[in-house]
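Trainee: got a structure for you, letters missing:
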Ligand code: HEM
């Protein structure tokens, strides 16, 4: 039914993004010693461009499902009548940056966590130092911007999807001024929250930037049009919680590194190392909030998920394809994680090392503390004295 709109959007993704990613990703993973450095750098830029384009088309597609615009309905099908409106929907301009920032923060934390891991092991000290600082500085700058875009994303939900907003807030009844439920256990049967911890008025402030606004509750909507409350309610809090923990970590880490004492703080190194799942969790719970919160609609307000199911699909075929998907992705993920772990364990190619004469083996931080750093090129671990010492 929505194929005439969603089909082209997905094929634009294939044409613009997949080819770029697929062509250059292999070079990124396996081609470092096979292509000149400039071409390797170019390949990394192409993969980054490919994934950005991919995110753009996915967000354009998904934003149309959240807030459908630029369409007409003919013979029960959605047909596009304004592609510019569809592609450049106003919602896209808050959701696309929120998604991109989520990816950059994920990258920043992975780099910082790898640096912390090296520092804890006393390996690759020069790189550990750079990775820790680069990752934490970047995260320290990006996280406040992400929280700002998170707020703007919440504004769009408030204005265009009030029932999803009420579910996220755990607000069952209209309130004026509205409180903000920080934590609770929402109970759909009794349409109340158990063990709620709330802050008065904050709900109106967050929803409408006012101290007096009326904010709508879930009971304003028929039960059949409400999302399941528990998942968006908790998923949203996990996402925001991860964001706040990462902000704290990035700011404390940046402060310590400005003081020059980050490598001495083993607690912070451990916390940074252990924090690498946080941005992944935030990203996933962000998607749970957006997608479960959109239920029971596939195209919000127009096409119910129950009606969007392909009529000739049986439960058996769906189950088989789901099992195959899970099996293939489990294999790819397991292999990917193993491969990335081995890459990280082996350490950077073309690592930064000091001239052997100036290095003080057995004291790993001496590399960055005392001696000038030079690029050693692709020095095999087995033959370079400083690397051997590490
Ligand atoms: C801390 C403040 C944050 C706020 C107020 C916030 C707000 C929101 C809201 C309201 C949604 C649902 C949007 C929808 O239904 O369409 C959402 C989705 C999402 N969030 Fe957050 N968020 C925050 C932090 C984060 C962080 C730290 C990350 C990841 C590092 C993140 C990643 C995502 C992703 C990937 C989505 C799904 C895509 C989208 O709908 O934009 N968020 N966020």
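Mentor: Thanks, I have it. Just so it is clear, the structure is predicted and the values come from calculations on it, not from any experiment.

Trainee: in the longest helix seen in the chain, what's buried?
Mentor: The residue-count maximum for a helix in the chain (DSSP state H) belongs to helix 125-160. Buried residues in helix 125-160, counting neighbours by 16 or more other CB atoms under 10 Å, are found at 125-133, 135-140, 142-143, 146, 149-150, 153-158. Any C-beta I mention is one placed from the backbone N, CA and C, and that applies to glycine too.

Trainee: among those residues, which are within reach of the ligand?
Mentor: Filtering the buried residues of helix 125-160 for proximity to the ligand by CB under 6 Å from any ligand atom leaves 146, 150, 153-154, 157.

Trainee: Would you format these as CSV with pLDDT included?
Mentor: Output for these, formatted as CSV (pLDDT from 0 to 100):
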residue, pLDDT
146, 98
150, 97
153, 97
154, 96
157, 97
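
Trainee: Just the pLDDT for residue 116.
Mentor: Looking at residue 116, its pLDDT stands at 97.

Trainee: Kindly report the same for the one 4 residues further on.
Mentor: On pLDDT, residue 120 comes in at 96.

Trainee: Please shift the residue numbers so they start at 757 in all later answers.
Mentor: Okay, using 757 as the starting number, the last item reads as residue 876.

Trainee: where along the stretch 857-1006 of the chain do the helices fall?
Mentor: Taking DSSP state H, counting those that start in this stretch to define them, one finds helices in the stretch 857-1006 of the chain at 881-916, 918-925, 958-964, 986-1015.

Trainee: CSV for those, including distance to residue 839?
Mentor: Shown next, in CSV, are those (distance: least, CB to CB, whole Å):
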stretch, distance to residue 839
helix 881-916, 20
helix 918-925, 26
helix 958-964, 32
helix 986-1015, 31
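
Trainee: that older thread, quick one, the longest helix of the chain and helix 986-1015 angle?
Mentor: Put simply, helix 881-916 runs at 140 degrees to helix 986-1015, going by axes from the mean of the first three to the mean of the last three CA atoms, to 10 degrees.

Trainee: Quick one: work out the angle between helix 881-916 and helix 918-925.
Mentor: Using the same axes, to 10 degrees: helix 881-916 against helix 918-925 is 130 degrees.

Trainee: What is helix 881-916 packed up against?
Mentor: helix 848-877, helix 918-925, helix 958-964, helix 986-1015, helix 1022-1030, strand 1108-1109, helix 1122-1126 (3 or more CB pairs under 8 Å, 6 or more residues apart in numbering; DSSP states H and E).

Trainee: Could you tell me the least trusted of the ones you listed?
Mentor: Here the helices and strands packed on helix 881-916 differ in mean pLDDT, and the lowest is helix 1122-1126 at a mean of 42.

Trainee: so what's the nearest residue to residue 922 once chain neighbours are set aside up against?
Mentor: Distances taken as CB to CB, 6 or more residues apart in numbering put residue 974 closest to residue 922, at 4.6 Å, once the chain neighbours are dropped. Going by CB atoms under 8 Å, 6 or more residues apart in numbering, residue 974 touches 919, 922-923, 927-929, 947, 982, 985.

Trainee: Columns neighbour count and distance to residue 836 on top of those residues, output as TSV?
Mentor: Output for the contacts of residue 974, formatted as TSV (neighbours: other CB atoms under 10 Å; distance: CB to CB, whole Å):
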residue	neighbour count	distance to residue 836
919	23	26
922	29	31
923	29	30
927	27	35
928	21	38
929	14	39
947	15	39
982	19	30
985	23	34
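
Trainee: Can you tell me which of those comes closest to the ligand?
Mentor: Distance to the ligand across these (CB to the nearest ligand atom) is lowest for residue 923, with 10.1 Å.

Trainee: Around the ligand, pick out the residues from the stretch 907-1056 of the chain.
Mentor: The stretch 907-1056 of the chain has residues 907, 909-910, 913, 920, 995-996, 998-999, 1035, 1038-1039, 1042-1043, 1045-1046, 1049 near the ligand, with proximity defined as CB under 6 Å from any ligand atom.

Trainee: So among those residues, which ones count as buried?
Mentor: Buried subset of these (neighbour count, 16+ other CB under 10 Å): 909-910, 913, 920, 995-996, 998-999, 1035, 1038-1039, 1042, 1045-1046, 1049.

Trainee: farthest-separated two in those?
Mentor: Distance extremes for those: the farthest pair is 920 and 1035 at 23.2 Å, using CB to CB.

Trainee: My guess is residue 1104 contacts residue 884. True?
Mentor: No: if you go by CB atoms under 8 Å, residue 1104 and residue 884 don't touch, sitting 10.0 Å apart.

Trainee: Quick one: list the elements packing against the host helix or strand of residue 1063.
Mentor: In this structure, residue 1063 sits in helix 1061-1064 according to DSSP states H and E. If you count contacts as 3+ CB pairs under 8 Å, 6+ apart, helix 1061-1064 packs onto strand 1053-1055.

Trainee: The strand it packs on pairs with which strands?
Mentor: Paired with strand 1053-1055 in the same sheet, following DSSP bridges, are strand 1059-1060 (antiparallel).

Trainee: Quick check on residue 1052: phi, psi?
Mentor: phi -90, psi 30 (degrees, to the nearest 10).

Trainee: still on that earlier bit, among the ones next to the ligand among the buried residues of helix 881-916, pick out the one closest to the ligand, please.
Mentor: residue 906 (2.3 Å).

Trainee: which ones are touching the nearest residue to that closest one once chain neighbours are set aside?
Mentor: Of all residues not flanking residue 906 in the chain, residue 854 sits nearest, at 6.2 Å (CB to CB, 6+ apart). By CB under 8 Å, 6+ apart, the contact list for residue 854 reads 902, 905-906, 908-909, 1042.
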